[in-house]
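Q: Any chance you could fold what I've pasted below:
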Amino acid sequence: MNNQDPFKFSTGVIAYPIFFVLTIWLVYWFEVRFGYHFNKFGIYPQTLHGLSGVVLSPFIHGSISHLYHNTIPLFVLSTALFYFYRQIAWKVLLYGIIVSGFLTWSIGRPSYHIGASGLIYVLVSFIFFKGVIAKHYRLIALSLLVVFLYGSMIWYALPLEDGVSWEGHLSGLITGLLFAFLFKKSIAKPNKFEWETPNYNDSNDPFLKHFDENGNFIEKIEPKEEQNQSDINYIFKEKSSDNL
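A: Numbering: from 1, shown residues only. As a prediction, the model looks like this:
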């Protein structure tokens, strides 16, 4: 069995999510401190000037409540991303912002769409579907944990509540699902036992030798002649009476 563990902790697992979260808080602090409103830099669908929001919108939030509700899931999910998928974490984040943002720009209502929630939906979708596809027990466990914590978010990808960019949420879900199929390299593979390898010879296996090639149980096994068997011969020689 392959015992190599692909999951290793590093400083970036915590440092990068903290940096990202601090950045969006710093942007909001700047707005409040100097009286600026960056909403106009969000995504405004089907307009040329609204394209800038594809990159900028995840860093812009309309209220402290909006920012707070995005902070915790963004930190938790990005930390999980950098720990379990560190080889492709930056690709998922950067491409996730661009692709989900462009989808929002394409299908959204004529309004400014802001906030990191679209990226959060990318992470939820990617981590869940990738864990199922990868079939690694740790990644599957992570998928189940994500469903337990954030499964209810699926309802916000539907047009059920006014003032919520369900288009951004839906775009994030679609993007994460797409990435789960596209990013195949550097993903942890499930451990394989020796008998699962292509070149495994089961003729000497103490368990499998009780079954034939069709899987039928063999009641009696004919003992095979052992090779290189050493024979020990004992010679008894009777003492002669002359030696007494």
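
Q: helices or strands up against the helix or strand where Trp90 lies?
A: In this assignment (DSSP states H and E), Trp90 forms part of helix 89-107. Contacts defined by 3 or more Cβ pairs under 8 Å, 6 or more residues apart in numbering; DSSP states H and E place helix 89-107 against helix 53-56, helix 64-84, helix 117-134, helix 166-182. To be clear about C-beta, it is placed using only N, CA and C from the backbone, and glycine gets the same treatment.

Q: buried residues in that helix?
A: 89, 92-93, 95-97, 99-105 (16 or more other Cβ atoms under 10 Å).

Q: any idea how far Ile98 is from Gly168?
A: 13 Å (Cβ to Cβ, to the nearest Å).

Q: quick one on the thing from earlier: save the buried residues of helix 89-107 as a markdown table, and put in pLDDT and distance to Tyr83 too.
A: Below are these laid out as a markdown table (pLDDT from 0 to 100; distance: Cβ to Cβ, whole Å):
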| residue | pLDDT | distance to Tyr83 |
| --- | --- | --- |
| Ala89 | 93 | 9 |
| Val92 | 95 | 13 |
| Leu93 | 96 | 14 |
| Tyr95 | 97 | 19 |
| Gly96 | 97 | 17 |
| Ile97 | 97 | 20 |
| Val99 | 97 | 23 |
| Ser100 | 97 | 22 |
| Gly101 | 96 | 25 |
| Phe102 | 97 | 28 |
| Leu103 | 97 | 27 |
| Thr104 | 97 | 28 |
| Trp105 | 96 | 31 |
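
Q: Just the CA trace of the helix holding Trp90, in CSV.
A: Listed in CSV are the C-alpha atoms of helix 89-107, where the atom choice follows Å, rounded to 0.1, in the frame of the first residue of the first chain:
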residue,chain,number,x,y,z
ALA,A,89,-5.3,26.4,-4.9
TRP,A,90,-4.3,29.7,-6.6
LYS,A,91,-5.7,28.6,-9.9
VAL,A,92,-9.0,27.8,-8.3
LEU,A,93,-9.1,31.2,-6.6
LEU,A,94,-8.0,33.4,-9.4
TYR,A,95,-9.8,31.6,-12.2
GLY,A,96,-12.8,31.2,-10.0
ILE,A,97,-13.0,35.0,-9.5
ILE,A,98,-12.7,35.6,-13.2
VAL,A,99,-15.0,32.9,-14.6
SER,A,100,-17.8,33.3,-12.0
GLY,A,101,-17.6,37.0,-12.3
PHE,A,102,-17.9,36.9,-16.1
LEU,A,103,-20.9,34.5,-15.8
THR,A,104,-22.5,36.9,-13.4
TRP,A,105,-21.8,39.7,-15.9
SER,A,106,-23.5,37.7,-18.6
ILE,A,107,-26.7,36.6,-16.8
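
Q: Show me the contact partners of that helix.
A: 16, 20, 43-46, 50-51, 53-55, 57-58, 78, 81-82, 85, 113, 118-119, 121-123, 126, 165, 167-168, 170-172, 174-176, 178-179, 183 (Cβ atoms under 8 Å, 6 or more residues apart in numbering).
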